[in-house]
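S.K.: Give the three-dimensional model of this entry:
(chains A and B)
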Amino acid sequence: MTPIVKVTNINKCFGAVKAVDGVSFEVDKGEVIVIIGPSGSGKSTVLRCLNGLEKVDSGQIVIDDEIIDSDGKNIHNVRLEVGMVFQQFDLFMHLNALDNLTLAQRVVRKRSRAEAERIAREYLAKVGLSDKADAFPATLSGGQKQRAAIARALCMNPKIMLFDEPTSALDPEMIGEVLEVMKNLARGGMTMIVVTHEIGFAREVAGRVFFFEAGKIIESGPTHEILNSARHPRTIEFLSKVLK
Amino acid sequence: MCLLFGLFAFTPDGLADDLDNIRTAGVMRVGTDATYPPFEYVDDKTRKIDGFYIDLMTEICKDLGVKVEFVVVPFDGIISGLNSGKYDCLISAMTITPERARAVLFSEPYYDAGQSIAVALDNQDIKSIDDLEGKRIGAQLGTTGELLARKIKNATVRSFDNIGDAFRDLNNGNLDAIINDKPVSQRIIMARGKAKLVGPVLSSEQYGIAMRNGEIRLKKTVDDALEQLKDRGVYSAINNKWFGSPLAQIASKSFPATIRDIIKFLLPAVPMTIFITICSFILSVLLGIAAALGRIARNRIANTLSWAYSDIVRGIPLIVQIFFIYFGLGSIFHLGEFSAGVAAIGICYGAYLAEIFRAGLQAIPRGQTEAALSLGMSRWQLDRHIILPQAIRLVIPPVANEFISCLKDSSLVSIIGLRELTRAGREYLSWSYIDFATWLMVGLLYLIMTLALAKFSRIIERRYKIPGLGTQR
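M.R.: Residues are numbered from 1 along each chain as shown, chains lettered A, B, ... in the order given. The predicted model follows:
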């Protein structure tokens, strides 16, 4: 089986800072990858390269058999296959929850309003927000916003979901409800790449864990192997702090 | 007839001169320009010629025992008209000068129209020009009065566009004296009170009745009649009629009736104020959007141009821009006062709006853009569905604010003669001299418009408010 994501030796600099330094990996369909590592290690940048929010300086990314052009011409096609969830939720402030979910369906997927709304309500129900369809983002809690944001991405029927520290901006008591949604998604067979510090989540649903430092994957492997018997001293040090 | 008069004109010592002919005909024909109220003018309603000189001339003819007949002629042809026999004499605010005295025969002066000194009623210190040293003097811009004032030692001279404003300042205690044309000052004082003329006239500008050269008998008769009228008090009665009562009556009208008159006069100028405001604001919104987009564009030239536009225009007072466009550019491109006014305000406000629009666009968090792009939206869809709807809502309050300012600043175009509300107020004042009530009404009309706009903008703001965002009222 060909991998759905194939990253080959990508590099990315911000000015003099090398954010991503020769990273390569593959992800199979249905796999859940958790990326951990200290802040500034390039985890988020790699994720953002996967849907073209950042352009790589060199290297190649193939998503579902489509190579992301260096000039970004086909990035539109790629983004249709890749959903993304952000740390700050980034719901559209001027639209209520339902419209947040239907807008891109209508203007990008060209679905009718009725169809878009049907799909939107279906996903709102899946994330437990059926009663919040008319609520505006400013009136939702952090956990509700993030669940709505996940539903918004899912409405576009992506093949891969990227999560960029989806629970980092949440109060501790709201983290659980978001992780629950993500776990259900993983169990349903969605291909997911998740940047997170939630080791418990990784233990429960991740197939593999990548440990990033200084723009490189310095250790990767099956979840239980990395979490229980990491070999690299930096991985061990990092995990000991996170698990403390 | 013409031929006969021409013949007699060359034979002053002949059988019959002008006086004989007038007596024979029983009528004296008098040339006048009739465009100089209250001296000589055509009444709006009766369409009859009327005024100070007209009354004076009628009295002179009564004294001569003949009827009077007025012939209206433009001032520049008035002497040739006399010499070609179209009338027997002329009376038309004509200053006696040596040049004219060669062409015609003048009567004794009937009016001293030199420069006069006006002071406040209770002023006892200033009695003549000698007392003006070191004083604060007002005058009308570009007049003989201003030249005279500037020659006075250590005096502080302030010149006004409108001499009525100088009289206001005299009453407010900001001036000690005003040097100005005597007839004009006299008329203002008669209407307003609160000031008096002191000392003799400063420059000799005396008006005379002109007759054909050589008509010495006619001149003698007219001079005698004039003296008679002065002796009998008829002259001062006529003087009082024209400089005393009619305008004084306007000034002393009861307050409520006056308010109605003022508003009646001002209201027709309100649509112009609204029209200027709307036109210039549409222009400024277009310019503002263009400049804001240029400001955030990646194109260097667009960027520089927008910066230059905003910074230059915001650094120069609007009134200077109006003068520059109307008098400066207007002399090259033939701009009317309306286009010049709208262009000046539009360009000025465009620069301020550009800043507001730019801030509005940049206030949208980057996450909104990334979320939209990650959902597969194009740049255009992003702007259309995410950025603009949010930015427009953000800028509604500041833009409404600018619109209200724009309405108020439209008053500045009154200085280039565009007849909007403020200009109408000045026009009303130029003859009514009712300062307090007029400016109160002008202010009130502006206030009604700005309050209505403020209310309207709050409705719009509330209507397009993003629920849960910002401060709830």
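
S.K.: Spatially, what comes nearest to B:Ala351 if we skip its sequence neighbours?
M.R.: B:Val313 (3.8 Å; Cβ to Cβ, 6 or more residues apart in numbering or on different chains). Quick note: C-beta positions are derived from backbone N, CA and C, even for glycine.

S.K.: For chain A, which segments count as helices?
M.R.: A:43-50, A:75-81, A:97-107, A:113-126, A:142-154, A:172-187, A:199-205, A:223-229, A:233-243 (DSSP state H).

S.K.: Out of those, flag the one nearest B:Glu427.
M.R.: Closest to B:Glu427 of those is helix A:97-107 (Cβ to Cβ; 55.5 Å).

S.K.: name the helices or strands packed onto the closest one?
M.R.: For helix A:97-107, the elements it packs on are helix A:113-126, helix A:142-154, judged by 3 or more Cβ pairs under 8 Å, 6 or more residues apart in numbering or on different chains; DSSP states H and E.

S.K.: any idea how far A:Thr235 is from whichever residue of chain A sits closest to chain B?
M.R.: Chain A approaches chain B most closely through A:Ala138 (3.0 Å), counting by Cβ to the nearest Cβ. Noted for A:Ala138: a distance of 40 Å to A:Thr235, by Cβ to Cβ, to the nearest Å.

S.K.: before we move on, back to that, so which of the helices and strands packed on helix A:97-107 gets nearest A:Asn184?
M.R.: Each of those was scored for nearness to A:Asn184 using Cβ to Cβ, and the closest is helix A:113-126 (7.6 Å).

S.K.: any weak-confidence spans in chain B?
M.R.: Applying pLDDT under 70 to chain B flags the ranges B:1-15, B:36-37, B:43-47, B:243-257, B:430-433, B:468-473.

S.K.: List the contacts of the residue in the stretch 201-350 of chain B positioned nearest to chain A.
M.R.: Proximity of the stretch 201-350 of chain B to chain A (Cβ to the nearest Cβ) peaks at B:Arg298, 15.2 Å away. With contact set as Cβ atoms under 8 Å, 6 or more residues apart in numbering or on different chains, B:Arg298 has no partners.

S.K.: Need the phi and psi values for it.
M.R.: B:Arg298 has phi and psi values of phi -90, psi -10 when expressed as degrees, to the nearest 10.

S.K.: do the same with the one 5 residues further on
M.R.: Note on B:Asn303: backbone dihedrals following degrees, to the nearest 10 are phi -60, psi -50.

S.K.: still on that earlier bit, of all the helices and strands packed on helix A:97-107, which lies closest to A:Asp57?
M.R.: Taking Cβ to Cβ, helix A:142-154 is the member of these nearest to A:Asp57, at 27.1 Å.

S.K.: is any part of the closest one close to chain B?
M.R.: Yes - against chain B, helix A:142-154 shows contacts by Cβ under 8 Å from any Cβ of the partner chain at A:149, A:152-153.

S.K.: neighbour-wise, which of those leads?
M.R.: Comparing the residues of helix A:142-154 next to chain B on neighbour count, A:Arg152 comes out first with 29 neighbours (neighbours: other Cβ atoms under 10 Å in any protein chain shown).

S.K.: No further questions, thank you.
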